[in-house]
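*Asks:* I would like to see how this sequence folds:
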Amino acid sequence: MKVVIVGGVAGGATAAARIRRLDEQAEIVVFERSGYISYANCGLTYYIGGVIEDPEELTLQTPESFFRRFRIHMKVRHEVTAIHPEKKTVSVKNLETGAVFEESYDKLLLSPGAKPLWPDLPGMDSDRLFTLRTVEDTFRIKEFVDRNKPRSAVMVGGGFIGLEVAENLRELGLEVTIVQRPKQLMNPFDADMAAFIHAEVRKHGVQLALGHSVAGFAEKNGGIEVLLQDNPPIHADLVVLAIGVTPESQLAKAAGLALGMKGSILVNDRMETSVPDIYAVGDAVQVKHYVTGEDALIALAGPANKQGRIAADNICGGDSRYLGSQGSSVIKIFDMTAASTGINETRARKSGLDVDTVILSPMSHAGYYPGGKLMTVKVVFEKKTYRFLGAQIVGYEGVDKRIDVLATAIHAQMKATQLKDLDLAYAPPYSSAKDPVNMAGFLIDNISKGLKQWHLSDAADLPRDGSVTLLDTRTEGEYRRGHIEGFRNIPVDELRERIGEIETGKPVYVICQSGLRSYIATRILEGYGFEAYNFAGGFRFYDTVMNDRALVEKALACGMDR
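*Replies:* Numbers count the residues shown, from 1 in each chain. Got it, this is the predicted structure:
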């Protein structure tokens, strides 16, 4: 059997190695357009910032090491220009010599990935404008930075690549501005959770221009100007464009393979395309979202690797199936870690789901052990069924551990209430006896048994006419430092003695700093016959989100977040 693989990074290299492990006699040829195979594309930004110092560290395997270990022919700087399914051949161009030839196959695997979006805007030919996809792209940016010693940069796009490049350039001492059309960074997160990301980015001196659309670029005064619609331009020494990716599917389209959303390659759960003996994996393929069952494009290394293994199994006569992508991800943002899995509240509501959320702010480990730090956890679940849909966490230590537990729970199709039952490891330096994941489960279990909540979205509409009681149960000092207008202060530890101050027959909306004291207060109030609602998230959450909204709106008015 002869297998030809187009693309040699996550999906292609994984498939090649797996095929060899399953079939020692197979002839395997991989064509990679760039000069590198099996490189650490998720580490490229850290080479720009000097965190990874040796460029060889970016290369996980070389064509020579791959051949020594697996007897696989890795042909870099070779571009497949056409697929001929009727002949079972591909046309290949050697990019170094210009030679063109045909290569036959018994099985063909496409792993072309996705390319950065390159909009049709004025000034796109500037040599101060970069995108980041390959090792060569990284070297170009690094060489420009080392040679020109730029003092300022603009990131167009505030997703994973945009934030990582912004951080690394900022750590090099550059003034960095992120321009983003949506009013928030990191779309996998809801806007309320993104507020914590915005605060961390601002804390480290990165300026945000959210809600702004780029109209083009123009070289001026020895630099480049980012032209904004209806706002003054932003001047910088270089611009990195990271506004998203599009599936690299021209080969598949020209060969007559069925395509899916946004031109992606359509595959079944065996990673088979519409043409016999042709498989496809990675960022170029359409998948099913594991939570919603909807068609999705999820460009992440983990799914690409799994898909490569599954395709290899099936090429070698097996019957492996891809169950769908969940979108689990994590990112370092300066000192903070942000992670998500499943779908967020915004996506859930757009999908027509009737959902609720809990928001909590637990410590990363036992409070009495030194060094614990707060994290903010948001869990999304379906009302009535309590189907667990997704989670987001922003914090510091322990975020990655908790998101992986939650991702596993979603994959296992656990109900959100069952998070309370998970038996998780505990020692004071690592967690609390009630792990944050368990705490989320306790909250959701309380809701399933009648606990009432109110949310940030309810705050502006709460009546101030005396028809309801608005109660802040923090200490007097906390209340003086900031509170929501219209809320009166009775500390939770005084509530029983002062219960007569609360008018009976009216609902009571309760808030505290994190949600714990207000929860205790709602239980006390219920014990005295009141209808009580606990605020999801606490005043710390409310204050962070409202301050962020004010800064974003101010920036929209003046053109920059300062």
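*Asks:* Confidence-wise, which helix or strand of this structure is lowest on average?
*Replies:* helix 44-48 (a mean of 84; mean pLDDT, DSSP states H and E).
*Asks:* In the helix or strand following it, which residues are buried?
*Replies:* Moving toward the C-terminus from helix 44-48, the next helix or strand (DSSP states H and E) is helix 63-70. By neighbour count with 16 or more other C-beta atoms under 10 Å, helix 63-70 contains the buried residues 63, 66, 70. Bear in mind the C-beta positions are built from the backbone N, C-alpha and C, glycine included.
*Asks:* again, but for stretch 482-492
*Replies:* Within stretch 482-492, the residues that count as buried by 16+ other C-beta under 10 Å are 483, 484, 487, 490, 491, 492.
*Asks:* Tell me where this structure is predicted with low confidence.
*Replies:* Counting by pLDDT under 70, the chain contains low-confidence residues at 38-41, 59-60, 559-562.
*Asks:* can you do 90?
*Replies:* Under the criterion pLDDT under 90, the flagged ranges of the chain are 8-10, 34-67, 115-116, 132-139, 230-231, 299-301, 366-368, 553-562.
*Asks:* The helix or strand harbouring residue 395 packs against which elements?
*Replies:* Secondary structure assignment for residue 395, by DSSP H and E: strand 388-395. For strand 388-395, the packing partners by 3 or more C-beta pairs under 8 Å, 6 or more residues apart in numbering; DSSP states H and E come out as helix 191-203, strand 336-342, helix 345-350, strand 376-382, helix 399-411.
*Asks:* May I see those arranged in CSV, with mean neighbour count as well?
*Replies:* Output for these, formatted as CSV (neighbours: other C-beta atoms under 10 Å):
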stretch, mean neighbour count
helix 191-203, 22
strand 336-342, 25
helix 345-350, 18
strand 376-382, 24
helix 399-411, 20
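*Asks:* Looking at these, which is nearest to residue 211?
*Replies:* Distances from residue 211 to each of the helices and strands packed on strand 388-395 were compared using C-beta to C-beta; the shortest belongs to helix 191-203, at 11.6 Å.
*Asks:* report the angle between the axes of the closest one and strand 376-382?
*Replies:* Using axes from the mean of the first three to the mean of the last three C-alpha atoms, to 10 degrees, the interaxial angle of helix 191-203 with respect to strand 376-382 works out to 160 degrees.
*Asks:* mind checking how far helix 191-203 is from the chain centre?
*Replies:* A distance of 14 Å separates the centroid of the chain from that of helix 191-203, by C-alpha atoms, centre = their mean, to the nearest Å.
*Asks:* after it, next one along is what?
*Replies:* If you walk from helix 191-203 toward the C-terminus, the next helix or strand you reach (DSSP H and E) is strand 207-210.
*Asks:* quick one: strands adjacent to the helix or strand that that next one is followed by?
*Replies:* In the C-terminal direction, the helix or strand that comes right after strand 207-210 (DSSP H and E) is strand 214-220. Neighbouring strands of strand 214-220 in its sheet, by DSSP bridges, are strand 223-228 (antiparallel).
*Asks:* Near the residue nearest to residue 77 when sequence neighbours are not counted, how many residues? Count them for me, please.
*Replies:* Nearest residue to residue 77, sequence neighbours excluded (C-beta to C-beta, 6 or more residues apart in numbering): residue 95, at 4.5 Å. Around residue 95 sit 14 other residues, with neighbours defined as other C-beta atoms under 10 Å.
*Asks:* How about the contacts made by residue 4?
*Replies:* Residue 4 is in contact with 29, 30, 31, 90, 103, 104, 105, 107, 108, 109, counting by C-beta atoms under 8 Å, 6 or more residues apart in numbering.
*Asks:* let's see it at 10 Å
*Replies:* Contact analysis of residue 4 by C-beta atoms under 10 Å, 6 or more residues apart in numbering lists 27-31, 73, 80, 83, 88-90, 92, 103-110, 278.
*Asks:* ok, now residue 143?
*Replies:* When contacts are taken as C-beta under 10 Å, 6+ apart, residue 143 is in contact with no other residue.
*Asks:* The one 10 residues further on too?
*Replies:* Residue 153 makes contacts with 128, 130, 141, 145, 165-166, 169-170, 172, 174-178, 224, 236-240, as judged by C-beta under 10 Å, 6+ apart.
*Asks:* Can you say which of these are buried?
*Replies:* By neighbour count, with 16+ other C-beta under 10 Å, the contacts of residue 153 hold 128, 130, 141, 145, 165-166, 169-170, 172, 174-178, 224, 236-240 as buried.
*Asks:* Could you tell me which of those belong to helices?
*Replies:* Cross-referencing the buried ones among the contacts of residue 153 against helices under DSSP state H gives 141, 145, 165, 166, 169, 170.
*Asks:* Go ahead and name everything in contact with the least confident helix or strand of the chain.
*Replies:* 40, 51-55, 57-58, 130, 132-135, 137-139, 141-142, 144-146, 160-169, 171-172, 240, 242, 332.
*Asks:* run the last query once more with 7 Å
*Replies:* Residues lying outside helix 44-48 but in contact with it, judged by C-beta atoms under 7 Å, 6 or more residues apart in numbering, are 52, 55, 58, 132, 135, 138, 141-142, 145, 161, 164-165, 168.
*Asks:* do you know how far the residue nearest to residue 77 is from residue 33?
*Replies:* Taking C-beta to C-beta, to the nearest Å as the criterion, residue 95 is separated from residue 33 by 7 Å.
*Asks:* Now list whatever residues contact both of the two.
*Replies:* Here residue 95 and residue 33 share the contacting residues residue 79, scored by C-beta under 7 Å, 6+ apart.
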